[in-house]
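A.B. asks: Quick one: sequence plus predicted model below, questions after.
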Amino acid sequence: MTSDSTVSQHPLFSITTPLYYVNDLPHIGSAYTTIAADVVSRYHRLLGHPTLFVTGTDEHGQKIQRTAEEKGRSPQEHCDMVVQGFQSLWKLLNIRYDRFIRTTDPRHEAIVREFFQRCWDNGDIYLGQQQGWYCVACEEYKEERDLLDKHYCAIHTNRQAEWRDESNYFFRLSRYQDRLEALYQEHPDFIQPVIRRNEVLSFVQQGLKDFSISRVNLDWGIPLPTDPQHTIYVWFDALLGYVTALLDTDQEATLEQALSTWWPLHTNLIGKDILRFHAVYWPAMLMSAGVPVTQRVFGHGFLTKDGQKMGKSLGNVIDPVDLVKRYSSDAVRYYFMKEIEFGRDGDFNETRFVNILNADLANDLGNLLNRILKLAHKYCDGKVPILKVEAIAPSNALKTPGLDLADRVMPHYESLAFSQACEPILALIRIGNKYVDEQAPWSLYKQGKTDEAAIALYSVLETVRLAAYLLSPIVPTLSTRIYQQLGYAINFDGDPEQFTSLIHHREWGVLEVGQPLGQPEPVFQRLELQTTDIG
Ligand code: MSP
């Protein structure tokens with residue numbers, strides 16, 4: 001059996017975050033996925049690719065209904081309040097999404113109903129009896145072997161799964177066993193990184209069971225079109241949010257319209273805990289409805305704090321809002337992208353956070369620019385020194401590694417290896433610092449060796465520029481400040497249209513000689529460790 005018709009390449013780039021539950025305010029895990037998605041989309045926009053970045057919220061289901069009841073609000077009121085918390089955090093974190101889909105959007109219901117009908121018409125939905133342990137926090141039935149003692153959930157260790165025995169509609173997942181296996185075989189990059197792919201393969205090899213896609217005794221959700229006593233299971237509903245999000249405001253809410261431009265999506269970025277839904281259930285649902293599957297599902301790792309699992313009961317939850325307010329969005333973005341290998345689990349430790357930011361951005365990068373700008377103001381009338389850029393010898397310590405820097409960085413952005421993307425940039429910046437110490441351009445000027453001094457100044461300014469350009473998807477504010485001090489009126493947070501004329505900025509040797517430079521001011525303030533308990 002082949003799955004070929006289900007995967008096709010698309011010239012546009014699109015990426016989604018999960019649609020976050022609104023039972024509570026966003027936590028650092030949601031911030032982590034969203035930062036990564038923002039970095040990838042900024043990278044594609046920088047290259048002038050048409051790009052769509054989708055995020056949003058998952059608002060139906062028992063978990064939200066119960067939370068709203070506990071807080072004495074209606075579910076809709078509750079969602080409306082919590083959504084604001086997400087949107088304001090994304091603003092604080094400098095997240096530039098294109099679409100924000102809420103699954104309570106009335107147009108979403110139309111999409112879910114149409115999609116459900118397609119699966120129904122295809123004979124993939126039937127009524128059966130569901131018995132099993134349900135974790136409301138996961139919104140998922142659990143196998144007994146996956147639960148802890150006394151049926152506590154292994155993910156939400158303070159929550160007990162509840163026994164359910166009820167009539168539910170099922171989706172015939174078992175029917176897609178062969179097609180899914182063919183998909184994984186023929187498109188080995190469909191699930192990334194490899195460790196996640198292997199998890200999915202071994203899960204699927206155990207044999208796929210049909211899964212329940214309706215709930216009874218639940219009001220907060222979309223009624224099943226063929227039997228309104230039932231409510232559509234929140235995951236079946238939420239995954240389709242990725243489709244509804246693609247509708248332009250003036251488009252009719254039909255599958256045909258929603259799928260017309262951006263489908264198939266390129267990347268579904270998720271955390272490893274929701275891999276099965278995205279890499280098994282979701283492609284099977286799409287196959288059932290005759291819709292091509294997403295090109296790539298990337299499951300990143302989990303964050304811990306000081307080596308420990310984060311949780312409210314442990315009192316060690318990191319509040320992303322507090323972190324950004326105390327240290328800036330660039331600092332938070334940089335730490336999570338540079339310090340943690342994307343795909344693996346990673347740790348947050350505040351002392352390390354402060355040390356890394358100070359070492360990389362305040363000292364190595366910021367001070368380097370500052371030292372050279374001061375020299376340019378002292379000796380070159382505040383301008384980029386005049387010289388023949390082509391005449392800088394290939395033996396120059398910064399030119400040769402600068403010339404192919406973009407080639408060594410960009411493939412890592414493509415494969416979401418953010419930490420590896422940063423490495424060669426920072427390595428070159430460290431070479432830059434060594435180069436300045438060795439060349440000592442101030443003493444070259446004093447000795448009247450102005451040509452040599454000009455080469456040294458130019459090489460460093462250009463290297464810092466290139467670093468700022470290549471780091472801009474991760475630290476857009478810092479990169480903008482650097483560019484402005486180098487005399488450019490470019491804002492990496494501005495209109496993506498401007499980037500098409502900057503494509504050549506990925507090369508070394510772009511800085512114009514004689515360009516007036518800005519005043520030297522620290523581009524990244526040193527951070528002080530703040531001992532406030534941020535739990
Ligand atoms: N609503 C579903 C997704 C539906 S997508 C159609 C959901 N929402 S969630 O709010 O619980 O998920 C949030 C995301 O945060 C998931 O990708 C999850 O993996 C991630 N994280 C939750 N805790 C995390 C850490 N401690 N570390 C890193 N990411 C973690 O699931």
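C.D. replies: Good, I have the coordinates.
A.B. asks: Closest residue of the stretch 51-200 of the chain to the ligand?
C.D. replies: Asp58 (3.5 Å; C-beta to the nearest ligand atom). C-betas here are computed from N, CA, C, even on glycine.
A.B. asks: Look up which residues are beta-bridged to that residue.
C.D. replies: Tyr21 (DSSP bridges).
A.B. asks: unless I'm mixing things up, it is touching Gly241, no?
C.D. replies: Yes: judged on C-beta atoms under 8 Å, Asp58 makes contact with Gly241 at a distance of 6.8 Å.
A.B. asks: Are there residues contacting both of the two? Which ones?
C.D. replies: 19, 103 (C-beta atoms under 8 Å, 6 or more residues apart in numbering).
A.B. asks: that older thread, count of neighbours near the residue of the stretch 51-200 of the chain closest to the ligand?
C.D. replies: 25 (other C-beta atoms under 10 Å).
A.B. asks: part of a helix, is Asp248?
C.D. replies: No: read with DSSP: H, G, I helix; E, B strand; the rest coil, Asp248 is coil and lies in no helix.
A.B. asks: pLDDT score for it?
C.D. replies: Reading off the confidence values, Asp248 has pLDDT 97.
A.B. asks: Just give me the neighbour total for it.
C.D. replies: For Asp248, using other C-beta under 10 Å, the count is 10.
A.B. asks: quick one: it and Arg408, what's the gap?
C.D. replies: 38 Å (C-beta to C-beta, to the nearest Å).
A.B. asks: what sits against whatever residue of the stretch 201-350 of the chain ends up closest to the ligand?
C.D. replies: Distances between the stretch 201-350 of the chain and the ligand by C-beta to the nearest ligand atom are smallest at Gly271, namely 1.6 Å. Neighbouring residues of Gly271 by C-beta under 8 Å, 6+ apart: 18, 29, 32-33, 299-302.
A.B. asks: mind redoing it with 10 Å?
C.D. replies: Neighbour list for Gly271: 17-18, 29-30, 32-33, 299-303 [criterion: C-beta atoms under 10 Å, 6 or more residues apart in numbering].
A.B. asks: Filter the residues you listed down to the ones in strands?
C.D. replies: When these are checked against strands (DSSP state E), the matches are 17-18, 299-300, 303.
A.B. asks: pLDDT-wise, which helix or strand of this protein ranks last?
C.D. replies: Within the chain, confidence by mean pLDDT, DSSP states H and E is lowest for strand 308-309 among all helices and strands, at a mean of 83.
A.B. asks: Quick one: name the residues of the stretch 1-150 of the chain near the ligand.
C.D. replies: Residues of the stretch 1-150 of the chain found near the ligand (C-beta under 6 Å from any ligand atom) are 18-21, 29-30, 32-33, 58.
A.B. asks: Is Tyr141 in a helix, a strand, or coil?
C.D. replies: Tyr141 - assigned by three-state DSSP - is strand.
A.B. asks: mind listing what it touches?
C.D. replies: 130-135, 161, 164, 168, 209, 211-212, 233.
A.B. asks: Separate out the buried members of those residues.
C.D. replies: Burial by neighbour count, judged by 16 or more other C-beta atoms under 10 Å, picks out 130, 132-135, 161, 164, 168, 211-212, 233 from these.
A.B. asks: Would you mind listing what in the stretch 251-400 of the chain touches the ligand?
C.D. replies: 270-271, 273-274, 302-303, 310.
A.B. asks: Just the buried ones from the residues you listed?
C.D. replies: Judged by 16+ other C-beta under 10 Å, buried ones among those: 270-271, 274, 302-303, 310.
A.B. asks: Who's the closest spatial neighbour of Leu46, skipping the chain neighbours?
C.D. replies: Phe499 (5.2 Å; C-beta to C-beta, 6 or more residues apart in numbering).
A.B. asks: Ser41 too?
C.D. replies: Nearest non-adjacent residue to Ser41 (C-beta to C-beta, 6+ apart): Phe53, at 3.9 Å.
A.B. asks: quick one: that neighbour is in a helix?
C.D. replies: No: under three-state DSSP, Phe53 falls outside any helix and is assigned strand.
A.B. asks: What is the neighbour count of it?
C.D. replies: Other residues close to Phe53 by other C-beta under 10 Å number 24.
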